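**Q** fold the following for me, if possible:
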Amino acid sequence: MPLPQGAYRPRDAYLRSPAGLAEKLVRFFIAGKRGEVSTRAATTARDVRLDFFRGVALFLIFVDHIPGNVLSHFTVQSLGFSDAAEIFIFVSGYTAALVYGRAMLKQGAFIAAAKVFHRVWQLYVAHIFIFLIFTALVSYNALAFQNPVSGKELHVAKFFTEPHIAVIRALELRFQPTFLDILPLYIVLLAGFPLVLLLLRRHILTALVVSSAIYLAAQSFGVSLHGYPGNQAWFFNPLAWQFLFVIGAACGYPQSSEHPIVPPLGWLIGPAAMIVAASAVIKLSWTVHDASGTVPAILIEKLWPIDKSNLAPLRLVHFLALAVVMVRFVPADSRFLSWRLTQPINRCGQHSLQIFCLGIVLSVLGHFILAEWSDNLPAQLSVNAAGFALMIGTATLIGWYRAIDRATSPV
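**A** The predicted structure follows:
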């Protein structure tokens, strides 16, 4: 990665420049509290934190996708202004830069782009497959229980009235029923990732400046992609969410390069912790206010609603503060990452696409079970436990099969 103009100055002077400060901020996310990781180790050792936090995000998405789920009161969205979607997109950007950035450095930009588009195709096929299962489940529920409301509630009603159009729009990624809006976002972000890689190779700050300009345009002018039915905007606006994806990529790309790591910006930890704590207090006050009405909802008139579709700056700031705190207190060599209790979470994170798709199906089934039979506490806990067990079991089965496949493959 070429150095920016002015890098011939003394190192201290460069670090005080805007480019140097931006670079130190990026290095902080990848260096953790120690800030000194050898380049060779960074390019060969697997950062288990990526698997762990991606696995956590998959479980949180499953929980939050079941309406009225009691466990949703204990997820990230109940303790701050961001939720599992930010975790998923940030880690996906980080991982993409780590994997495809390394491919670009070793095999060139063309091969890296080919690998990116191969992954895009896999995501696209998975999305269409899940779309078919999802619409089949909703259709069965509507017919078997005489409940046409489920079609409207999950935004599948248009499939019942004009399936020939709805299927075409689904193939175009424009028809996105409830729960089926994250993968289209990821597909679009990854499809444009070869350009991001080229900008990262030029300089990390270049990629961040271009991405932030697109984000500001989406915030200021309401620019978005349009879906179906009608001309409604995507729930996850790719032009806004790409900023978080690129931030994640900017943090992951140096791990695949030969660039030395700069000591972290330790002064960020204090402000970040204050933001996380203040966000938790404010959000908890809203929850308690809704439940009892006795506790005032702090700043709710000024802050609500917090736009998720366009990744409101408040959501972005909260997540970045949370990421700083997590990197500080969860270094790459954290002992709990190797505990037996965390291994199932890690395995789910290692097979994120399969477990994500399974989680979508399970959340829909869980929603129907609770809506049609019983939504009392034992039923909710049983649905959650069954979902967790199936996700962990599937991830374990996939890992076992891949290990057997590698062992029996010809050399």
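**Q** quickly note the distance from the residue lying closest to residue 316 once chain neighbours are set aside to residue 253.
**A** Excluding the flanking residues, the one nearest residue 316 by C-beta to C-beta, 6 or more residues apart in numbering is residue 244, at 6.4 Å. In short, each C-beta sits where N, CA and C put it, glycine included. For residue 244, the distance to residue 253 equals 15 Å [C-beta to C-beta, to the nearest Å].
**Q** ok, residue 89 next?
**A** Taking C-beta to C-beta, one finds residue 89 at 16 Å from residue 253.
**Q** same question, residue 97
**A** Taken as C-beta to C-beta, the span from residue 97 to residue 253 is 4 Å.
**Q** which neighbours do the two share?
**A** Common contacts of residue 97 and residue 253 (C-beta atoms under 8 Å, 6 or more residues apart in numbering): 197, 200.
**Q** export stretch 74-81 as PDB, just CAs?
**A** Taking C-alpha atoms only, stretch 74-81 is exported to PDB below (Å, rounded to 0.1, in the frame of the first residue of the first chain):
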ATOM      1  CA  PHE A  74     -31.400  -8.700  26.700                       C
ATOM      2  CA  THR A  75     -29.900  -8.200  23.300                       C
ATOM      3  CA  VAL A  76     -27.700  -5.300  22.100                       C
ATOM      4  CA  GLN A  77     -30.700  -3.300  20.800                       C
ATOM      5  CA  SER A  78     -32.100  -3.100  24.300                       C
ATOM      6  CA  LEU A  79     -28.900  -1.600  25.700                       C
ATOM      7  CA  GLY A  80     -28.000   0.900  23.000                       C
ATOM      8  CA  PHE A  81     -28.900   2.500  19.700                       C
END
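**Q** how distant is it from the center of its chain?
**A** Stretch 74-81 has its C-alpha centroid displaced from the chain centroid by 15 Å (C-alpha atoms, centre = their mean, to the nearest Å).
**Q** now do the buried residues in it.
**A** Using 16 or more other C-beta atoms under 10 Å as the test for burial, stretch 74-81 gives 75-81.
**Q** ok, longest helix in this structure?
**A** Ranked by residue count and defined by DSSP state H, the top helix of the chain is helix 109-144.
**Q** check which residues of that helix are buried.
**A** 112-113, 115-116, 119-120, 123-124, 126-127, 130-131, 134-135, 137-139, 141-142.
**Q** and that helix, average pLDDT?
**A** Averaging pLDDT along helix 109-144 gives 92.
**Q** and what of stretch 161-177?
**A** Average pLDDT, stretch 161-177: 91.
**Q** right, and the helix or strand after the helix or strand bottoming out on mean pLDDT in the chain?
**A** Here the helix or strand of the chain ranked lowest by mean pLDDT, DSSP states H and E is helix 39-44, holding a mean of 39. Going down the chain from helix 39-44, the next helix or strand is helix 48-64, by DSSP states H and E.
**Q** so which elements touch that next one?
**A** Judged by 3 or more C-beta pairs under 8 Å, 6 or more residues apart in numbering; DSSP states H and E, the packing partners of helix 48-64 are helix 84-107, helix 343-350, helix 352-372, helix 377-408.
**Q** buried set for it?
**A** 48-64.
**Q** contacts for it next, please.
**A** 69, 71-72, 75-77, 83-85, 87-88, 91-92, 94-95, 182, 326, 330, 332, 334, 337-338, 342, 344-350, 352, 355-356, 359, 362-363, 384, 387-388, 391.
**Q** quick check: angle from that helix to helix 352-372?
**A** Helix 48-64 runs at 20 degrees relative to helix 352-372, counting by axes from the mean of the first three to the mean of the last three C-alpha atoms, to 10 degrees.
**Q** of residue 244 and residue 253, give the one with the bigger neighbour count.
**A** Between residue 244 and residue 253, counted using other C-beta atoms under 10 Å, the more crowded position is residue 253 (31 against 27).
**Q** check contacts around the more buried one.
**A** Residue 253 neighbours (C-beta under 8 Å, 6+ apart): 1, 97-98, 101, 197, 200, 204.
**Q** which of those residues lies closest to residue 373?
**A** Set against residue 373, the nearest of these by C-beta to C-beta is residue 98 (44.2 Å).
**Q** so how far is residue 85 from that closest one?
**A** In terms of C-beta to C-beta, residue 98 sits 20 Å off from residue 85.
**Q** likewise for residue 131?
**A** 19 Å.
**Q** residue 317 too?
**A** Counting by C-beta to C-beta, the separation of residue 317 from residue 85 is 15 Å.
**Q** quick check: closest non-adjacent residue to the residue nearest the centre of the chain.
**A** Geometric centre of the chain, nearest residue: residue 88, 1.5 Å, by C-alpha atoms, centre = their mean. Nearest residue to residue 88, sequence neighbours excluded (C-beta to C-beta, 6+ apart): residue 57, at 4.5 Å.
**Q** now do residue 337
**A** residue 48 (4.6 Å).
**Q** ok, now residue 380?
**A** residue 70 (5.0 Å).
**Q** look up phi and psi at the nearest residue in space to residue 234 that is not next to it in sequence.
**A** Once flanking residues are discounted, residue 234 sits nearest to residue 225: 4.9 Å by C-beta to C-beta, 6+ apart. For residue 225, the backbone dihedrals (degrees, to the nearest 10) come out as phi -90, psi 150.
**Q** mind listing what residue 225 touches?
**A** 188, 233-234, 237-239.
**Q** next one: it from residue 181, what distance?
**A** In terms of C-beta to C-beta, residue 225 sits 11 Å off from residue 181.
**Q** ok, now residue 278?
**A** 30 Å.
**Q** re the thing from before, now do the contacts for the residue nearest to the centre of the chain.
**A** For residue 88, the contact set (C-beta under 8 Å, 6+ apart) comprises 54, 57-58, 61, 182.
**Q** that concludes my questions; thank you for your assistance.
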